[in-house]
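Novice: test case, fold it:
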Amino acid sequence: MSIYELFVGLRYLKAKKSQGFISFNTVLSIVTVFIGVFMLIVVISVMNGFQSQIKDKILDVDSHITVISGFGDENENITDYRKLVERLRSVNGVRAVTPYIQGQGLFRYKTRITPILLRAMGDTTSMPDEVKKFVTKGAREFKSASDVFVGAEMAANYGIKVGDAIEVIVPKGTIKITTGLMPGIGTFRVAGFFKSGYYEFDTKLVVMSLPAAQQLYEIGDVVWGIGLKIDDIYRMDYMASMVQTRLGSFRYHTLTAEERNQNLFYALKLEKLIMTVILFLVIIAAGFTIMGTLVMVVMEKRKAIGVLKSMGARPISIMIIFVLEGFLIGVLGATLGSVFGIAASLNLEAIIKWVESAINGVMAFVYGVFNLGAYFPMSLVPKNVYYIDTIPTEIKPEFIVFIAIFAVFLSTIAAIFPSWHASRLKPVETIRYE
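Specialist: Numbering: from 1, shown residues only. Got it, this is the predicted structure:
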């Protein structure tokens, strides 16, 4: 590419005053690329933030790696769990090891009955730190075998207070000929509330001590799993293989948190993929806009192309000029989209609050002028639905670079056909008919 090709390509980005429509289409092409890149960066940053926040909330309460007995049945008993706990604590990178019992059950408070998730860990006088840090009200330790902790949202939904008595009903797993499967029923005292920030846990989870659950299920001194917290959650798969090696037995196997919650994480990844594909289509649409713009530029510059060719310009030079124009449109659009997309992602919380304030101000004024009654301010992100305090965003530099490069690449590719058409124009005919 020579200097004159670059000069002509830059010149063709700007049309003459009498041909402002061509210039408008050039601007429209840049804006289309800008919108596609901008939307893709903002939406993907928010979805990355949501996915990371949900994952962090799950991992705060749930185990990073779980050791279970058998082949996927978490209700198979582990009898020698104390020896396993000591062995697993010696694995480099493991921060905490907690034996537990977890299962489904029913919760009854006064006349209301609802399904719950029961998780038992710790002894009757202490609670693991992974749960203790979430306690918002009441005691921070188990004082007796009858103490349980419930989610703050669950307590609010059913009007439960600290010190109230609740009943927990679980299947004991013992089948008798005369009565069939008998349930286990226990009465417990609510010792406190916890709030993990994950809606499913805060509305359905009941935490009790391990001895209390063993007595409730009548299973003796056994557990159903051993939960591990590790130092680096981004090495879960590697650490799971390390733990499996340390166990040295096919009787036990490991599950990561992503495997235990694979439906949720798969849904998040699928939603992110679908949104990414949809927004990439916006950039592809921008490519067709660029193609149409350059076709019009070629038609408008037929005489200039003929003059250049008559002066000795080669067809490849003509092609480079118009490919360069598509490339420059892509660079401008991708650069602006990346800059504004990053800025919007970093300040999304303030932007949403400003939009909410503007909408509520206008609606309050309209209600007052037309006497429509009381206006209740709206929220674009209601906390009772999304269960978050802020809009989470996570910007991944490598993804932004990929988006920008893809936009520039597509803009350049879209310019090939108009450029090839321009390179085939015959100078005599273009000058004759102009």
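Novice: alpha carbons only for contacts and neighbour counts from here, please
Specialist: Fine.
Novice: which residue is nearest the centroid of this structure?
Specialist: Gln51 (2.3 Å; C-alpha atoms, centre = their mean).
Novice: is the residue nearest to that one when sequence neighbours are not counted in a helix, a strand, or coil?
Specialist: Leaving aside its chain neighbours, Gln51 sits nearest to Leu268 (6.6 Å; criterion: C-alpha to C-alpha, 6 or more residues apart in numbering). The local conformation at Leu268, judged by DSSP: H, G, I helix; E, B strand; the rest coil, is helix.
Novice: retrieve the pLDDT associated with Leu268.
Specialist: Here, the pLDDT recorded for Leu268 equals 73.
Novice: for Thr393, what are phi and psi?
Specialist: As for Thr393, its main-chain torsions (degrees, to the nearest 10) stand at phi -130, psi 140.
Novice: same deal with Val91?
Specialist: Per degrees, to the nearest 10, the backbone of Val91 is at phi -70, psi 130.
Novice: and the gap between the residue lying closest to it once chain neighbours are set aside and His253?
Specialist: Take Val91 and drop its neighbours on the chain: the residue closest to it by C-alpha to C-alpha, 6+ apart is Val243, 7.1 Å away. Applying C-alpha to C-alpha, to the nearest Å, the value for Val243 to His253 is 9 Å.
Novice: more neighbours: which of the two?
Specialist: The neighbour comparison of Val243 against His253 (other C-alpha atoms under 10 Å) goes to Val243, with 23 against 20.
Novice: in which helix or strand does that one reside?
Specialist: helix 236-247 (DSSP states H and E).
Novice: now do Arg108
Specialist: Residue-wise, Arg108 maps onto strand 94-109 under DSSP H and E.
Novice: how about that strand: buried residues?
Specialist: 94, 96-102, 105-108 (16 or more other C-alpha atoms under 10 Å).
Novice: sorry, back to before: find me the pLDDT at the residue nearest to the centre of the chain, would you?
Specialist: Predicted confidence (pLDDT) for Gln51: 79.
Novice: again with the one 3 residues further on
Specialist: Note on Ile54: pLDDT of 75.
Novice: just checking, it touches Tyr198?
Specialist: Yes. Counting by C-alpha atoms under 8 Å, Tyr198 is a contact partner of Ile54 at 7.1 Å.
Novice: which residues are in contact with each of those two?
Specialist: Residues within reach of Ile54 and of Tyr198 at once, by C-alpha atoms under 8 Å, 6 or more residues apart in numbering: there are none.
Novice: quick one on the thing from earlier: and the residue nearest to Val91, how far from Val331?
Specialist: From Val243 to Val331 the distance is 49 Å (C-alpha to C-alpha).
Novice: same question for Ile35.
Specialist: Counting by C-alpha to C-alpha, the gap from Ile35 to Val331 is 13 Å.
Novice: other SSEs contacting the helix or strand that the helix holding Val243 is followed by?
Specialist: Next along the chain after helix 236-247, taking DSSP H and E as the criterion, comes strand 252-256. Packing partners of strand 252-256 (3 or more C-alpha pairs under 8 Å, 6 or more residues apart in numbering; DSSP states H and E): strand 65-69, helix 236-247.
Novice: which stretch among these comes nearest Gly220?
Specialist: Among the helices and strands packed on strand 252-256, strand 65-69 comes nearest to Gly220, with 16.3 Å by C-alpha to C-alpha.
Novice: what are the buried residues along the closest one?
Specialist: Residues of strand 65-69 classed as buried: 65-69 (neighbour count, 16+ other C-alpha under 10 Å).
Novice: how about the helices in the stretch 201-350 of the chain?
Specialist: 210-217, 236-247, 257-260, 262-300, 302-310, 315-346, 348-369 (DSSP state H, counting those that start in this stretch).
Novice: how about the first one: buried residues?
Specialist: Meaning helix 210-217. Within helix 210-217, the residues scored as buried using 16+ other C-alpha under 10 Å are 210-214, 216-217.
Novice: by how many degrees do it and strand 94-109 diverge?
Specialist: Counting by axes from the mean of the first three to the mean of the last three C-alpha atoms, to 10 degrees, helix 210-217 lies at 40 degrees to strand 94-109.
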